[in-house]
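Asker: Need a 3D model of the sequence below.
(one chain, ligands or ions: 1)
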Amino acid sequence: MSIRFIHMADTHLGAGGFGNKLSKNGINQREEDICEAFRRAVDKTIELRPDFLIHAGDLFHMVRPTNRIINLAIKEILRLTYAGIPVVIISGNHDAPKQRAVGHVLSIFENLDNVFPVYRSKYEVVKLRDIYIGCLPHCLTPEILQEQFEHVHPELPGLNILVAHGVAAGIEKFSMAEISEEEIPSSVLGSGFDYVALGHYHKYTRVQEDIFYSGSTERLSFGELGEQKGILEVEIPGPTTTFHQIEVRDMIELETIDARGMDYEQLEQIILNALDSEDLTEKIVRLKITNLTEALYNNLPVRDIKSKTSGAFFFKLIAEREEAQAVHLEESMKFGRLLDEFKAYLGNRPIPNLDRERLLVIAEKYFSDLDE
Ligand SMILES: [Mn+2]
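Answerer: Below you'll find the predicted structure:
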């Protein structure tokens, strides 16, 4: 007997980021992007007609998603179960409350047929189509998680899947901010399961031949530049895996500009050429300029950059001084408004001993830092 299922993770419903653009419906467009990626992942799952779907954590981006997001999640999960696809979901670090009394948003799925949420800070085994699915959710404390490791083992004889959310021991390439959190030791991951479905790391990764991260379904940060997003189709015994890519908004990085030895005119021309070198329309774009002298740093052609990048979904400029650490300049609506208010405040107010234009340029930088 063989079983085919979908491994999905880190859908982060409710997350936004990359500016404050609004959709036609007046909702944060990035939040909409992330919902759309989930819808597409569900579409793909239904098209593939698997025996069931496993979601390895962080279905939601936060402990208390908005009503709109909860409604969307229920609708999409029902779309799966109505198509005859049972759903197993475990809690991730983003949707798990820090206090028991808050209650877990995944508990709403207890009320739906053929949806099996595991979120009670303990290891639980769900049996579906004669397959044992061992679920290790995000736990209230690292100590509780440690205790749960002892309960993790395959049920023999039978086919067994382990689902967990955290950092797989022995992987060095983790570069996410939340690294230190939960490490799942090799003794747990390698305890004889036919397949281990992991969540938390956003890059689709084969840890070992039978241990995988499906990755997130959209990009949550510039750290995910260049990564494909999607879901994994898995067949056991084997396992045999097929990655199915989900189309998401483009995120690009322009070639880094090294300003060493340039004068203002040269730098300005090179920046403008760089911004013309690719179509930025509706994309998330980043440009890094390194080795800026103090004088160049304080005189970046901010207005030109702004107008050249106005068609981008979001533009981020990283300007690095010669020796100092990077300072981030961000273009966003919030930034514009704040700066305009500051300009209005300044008005024609006399500023003795200060160059007004220069003050505005510096202010622009501070406001963009605030926006981080
Ligand atoms: Mn996570």
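
Asker: from here on, contacts and neighbour counts on C-alpha atoms
Answerer: OK.

Asker: Return the residues in contact with Phe18.
Answerer: 30, 284, 314 (C-alpha atoms under 8 Å, 6 or more residues apart in numbering).

Asker: Nearest to Glu36, out of the residues you listed: which one, please.
Answerer: Using C-alpha to C-alpha, Arg30 comes nearest to Glu36 of the contacts of Phe18, at 9.6 Å.

Asker: and that closest one, what does it touch?
Answerer: Neighbouring residues of Arg30 by C-alpha under 8 Å, 6+ apart: 15-18, 20-21.

Asker: neighbours around Leu317, how many?
Answerer: Number of residues near Leu317 (other C-alpha atoms under 10 Å) recorded here: 17.

Asker: ok, back up a step: out of the contacts of Arg30, who has the most neighbours?
Answerer: Each of the contacts of Arg30 was scored by neighbours using other C-alpha under 10 Å; the highest score is Phe18's, at 21 neighbours.

Asker: Just say helix, strand or coil for it.
Answerer: When the structure is reduced to helix, strand and coil (DSSP: H, G, I helix; E, B strand; the rest coil), Phe18 reads as coil.

Asker: Got phi/psi on the residue nearest to Pro239 when sequence neighbours are not counted?
Answerer: For Pro239, ignoring the flanking residues on the chain, the nearest one in space by C-alpha to C-alpha, 6 or more residues apart in numbering is Asp210 at 6.2 Å. The phi and psi values for Asp210, taken as degrees, to the nearest 10, are phi -120, psi 10.

Asker: quick one: Asp210 from Leu189, how far?
Answerer: Distance of Asp210 to Leu189, computed by C-alpha to C-alpha, to the nearest Å: 9 Å.

Asker: list the residues that contact both of the two?
Answerer: Looking at what touches both Asp210 and Leu189 (by C-alpha under 8 Å, 6+ apart), the common residues are Val196.

Asker: Name the residues linked to Ile284 by a beta bridge.
Answerer: Ile284 has the following beta-bridge partners by DSSP bridges: Met251, Phe314.

Asker: Relative to Leu78, which of the contacts of Arg30 is nearest.
Answerer: Using C-alpha to C-alpha as the measure, the one of those that approaches Leu78 most closely is Ala15, at 21.4 Å.

Asker: ranges for the helices of the protein?
Answerer: Secondary structure of the chain (DSSP state H): helices at 29-48, 67-82, 142-149, 186-189, 264-276, 294-297, 302-308, 333-346, 356-370.

Asker: Ala41 and Ser91, how far apart?
Answerer: For Ala41, the distance to Ser91 (C-alpha to C-alpha) stands at 19 Å.

Asker: Which of the two has more residues huddled nearby?
Answerer: Legend: neighbour count by other C-alpha under 10 Å for Ala41 and Ser91, higher for Ser91 (30 against 24).

Asker: How much space separates the more buried one from Glu253?
Answerer: Applying C-alpha to C-alpha, the value for Ser91 to Glu253 is 33 Å.

Asker: go on, Leu145?
Answerer: 38 Å.

Asker: Give me the more crowded residue out of the two.
Answerer: More neighbours sit around Leu145 than around the other of Leu145 and Glu253, counting by other C-alpha under 10 Å; the figures are 20 against 15.

Asker: Contacts only, for the more buried one.
Answerer: Under the criterion of C-alpha under 8 Å, 6+ apart, the neighbours of Leu145 are 121-122, 138-139.

Asker: quick one on the thing from earlier: which of the contacts of Phe18 lies closest to Gly199?
Answerer: Nearest to Gly199 among those, counting by C-alpha to C-alpha, is Arg30 at 21.6 Å.

Asker: where does that closest one land on pLDDT?
Answerer: With respect to pLDDT, Arg30 has a value of 97.

Asker: Same check on Gln99?
Answerer: What the model reports for Gln99 is a pLDDT of 86.

Asker: go on, Glu76?
Answerer: The per-residue pLDDT reported for Glu76 equals 98.

Asker: which residues does it contact?
Answerer: With contacts taken as C-alpha under 8 Å, 6+ apart, Glu76 has the following neighbours: 39, 42.

Asker: roughly how far apart are Leu317 and Ala37?
Answerer: Leu317 is 26 Å from Ala37, where distance means C-alpha to C-alpha.

Asker: Tell me which of the helices of the chain is the most buried.
Answerer: When neighbours are counted by mean count of other C-alpha atoms under 10 Å, the highest per-stretch mean among these falls to helix 29-48, a mean of 20.

Asker: what distance separates that helix from the centre of its chain?
Answerer: With C-alpha atoms, centre = their mean, to the nearest Å as the basis, helix 29-48 stands 14 Å off its chain's centre.

Asker: what's the answer for stretch 275-283, then?
Answerer: Distance, stretch centre to chain centre, for stretch 275-283: 23 Å (C-alpha atoms, centre = their mean).

Asker: So what touches that stretch?
Answerer: 249-252, 254, 305, 308-309, 311-314.

Asker: ok, and for that stretch, which residues are buried?
Answerer: Within stretch 275-283, the residues scored as buried using 16 or more other C-alpha atoms under 10 Å are 275, 280, 282-283.

Asker: residues in contact with stretch 238-253?
Answerer: Applying C-alpha under 8 Å, 6+ apart, the contact partners of stretch 238-253 are 33, 37, 40-41, 194-195, 209-210, 214, 217-218, 222, 225-226, 228-235, 282-287.
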